[in-house]
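*Asks:* sequence plus the predicted model coming up.
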Amino acid sequence: MSRSTYLVAAEVDDEGADGAIQLAAPVELQELIQHCSDLLLEQANVYWDSSVSAVRARKVLRLGSLVLKETSYERPPAEEVATALMQGVRERGLKLLSWNRQTLQLQARLIFMHFSAPEDWPDCTESALLDSLESWLLPFALGAKNVSDLQRLDSAALLLDRLDWEQRQQLDQEAPTHIRVPSGSRIPVDYSNPEAPALAVRLQELFGMRDTPRIGRGRVPIVLHLLSPAQRPVQVTSDLSSFWSEAYYEVKKDLKGRYPKHYWPDDPLEAVATNRAKPKR
């Protein structure tokens, strides 16, 4: 009987450290199914399998806690597969999606807007997004069968879908991706710190700009990381006007000594900004 898959035990001795079966008979699976049909429970399980980072769909036939039969679950409901995929995203994080550079920049801008006006803008931090997958990701995941299908979704479009038309217009106005400086260059804004968005720009490109650019409905000054011609930081300020009147002349002395071929005017507010060594004549 030791080779039998199932046994029916009529008498057992379960006292002490070791139990013993005293009276038993072998039984086949079909006999169990035939004679215990009223006790059988068939379950269809669709779940996220962490060990292989994939959705599993299985049908299980149980007799109490005993698993009698397990088979593949063909064509499980799309809703259940999508829900299982949400479990995978929560476990692995947003990196499981196509969270590319464009999406990261958009997410950072949205986090800034929420930080500036939390009552008007959705929270797009990773923790908040993972807590609300059912509202913004699940509807678009219906029909997805695996992680590859999820990664085909346009993650930036998913975030934008959380905004209404007016918010989309405001986003471009109040949290622009770039700011055009007097030299004509479009410099990307760094939103990695929602409390202090930053712009890293060469000092010469800001000649003629009197005041610090402001975003977020004009309430948030950009933190300017002023760079040398070699792209090395020389000053950090969120008050450009004070920099011109107080610190510029000391900075100018240093830069003029290190970069004598570059343009260092006495009056930076009346000078022509340039992204070259000297402005074009």
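*Replies:* Structure received.
*Asks:* low-confidence stretches in the stretch 151-281 of the chain?
*Replies:* Low-confidence segments of the stretch 151-281 of the chain, defined by pLDDT under 70, span residues 281.
*Asks:* can you give me the strands in it?
*Replies:* Chain-ordered strands for the stretch 151-281 of the chain, with DSSP state E, counting those that start in this stretch as the definition, fall at 178-180, 186-188, 198-202, 214-215, 220-221, 223-227, 233-237.
*Asks:* I'd like the ones you listed written out as a markdown table, with distance to residue 122 and mean neighbour count added.
*Replies:* In short, each C-beta sits where N, CA and C put it, glycine included. Putting the strands of the stretch 151-281 of the chain into a markdown table (distance: least, CB to CB, whole Å; neighbours: other CB atoms under 10 Å) gives the following:
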| stretch | distance to residue 122 | mean neighbour count |
| --- | --- | --- |
| strand 178-180 | 23 | 13 |
| strand 186-188 | 23 | 14 |
| strand 198-202 | 23 | 19 |
| strand 214-215 | 18 | 18 |
| strand 220-221 | 19 | 20 |
| strand 223-227 | 25 | 19 |
| strand 233-237 | 31 | 15 |
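*Asks:* how about these, which one is nearest residue 71?
*Replies:* For the strands of the stretch 151-281 of the chain, the distance to residue 71 is smallest for strand 186-188, at 53.8 Å, taking CB to CB.
*Asks:* list the helices and strands that closest one packs on?
*Replies:* Applying 3 or more CB pairs under 8 Å, 6 or more residues apart in numbering; DSSP states H and E, one finds that strand 186-188 makes contact with strand 178-180, strand 198-202.
*Asks:* adding distance to residue 92, write those out as JSON lines.
*Replies:* Formatted as JSON lines, the helices and strands packed on strand 186-188 follow (distance: least, CB to CB, whole Å):
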{"stretch": "strand 178-180", "distance to residue 92": "32"}
{"stretch": "strand 198-202", "distance to residue 92": "30"}
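*Asks:* distance to residue 252 for the strands of the stretch 151-281 of the chain - can I get that in CSV?
*Replies:* Compiled in CSV, these are given as follows (distance: least, CB to CB, whole Å):
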stretch, distance to residue 252
strand 178-180, 23
strand 186-188, 21
strand 198-202, 14
strand 214-215, 25
strand 220-221, 23
strand 223-227, 12
strand 233-237, 10
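*Asks:* of all the ones you listed, which one is nearest residue 168?
*Replies:* Shortest distance between residue 168 and the strands of the stretch 151-281 of the chain, using CB to CB, is found for strand 214-215: 16.0 Å.
*Asks:* the closest one pairs with which strands, parallel or anti?
*Replies:* Each strand paired with strand 214-215, and its direction, by DSSP bridges: strand 220-221 (antiparallel).
*Asks:* for the stretch 1-150 of the chain, just list every one of the helices.
*Replies:* Residue ranges of the helices in the stretch 1-150 of the chain, as given by DSSP state H, counting those that start in this stretch, are 29-35, 78-92, 101-116, 126-131, 133-136, 138-141, 147-151.
*Asks:* mean pLDDT for these: which is lowest?
*Replies:* Taking the average pLDDT of each of the helices of the stretch 1-150 of the chain, the minimum falls on helix 29-35, with a mean of 75.
*Asks:* can you say which of the helices and strands packed on strand 186-188 is nearest to residue 159?
*Replies:* Of those, the one closest to residue 159 (CB to CB) turns out to be strand 178-180, at 18.7 Å.
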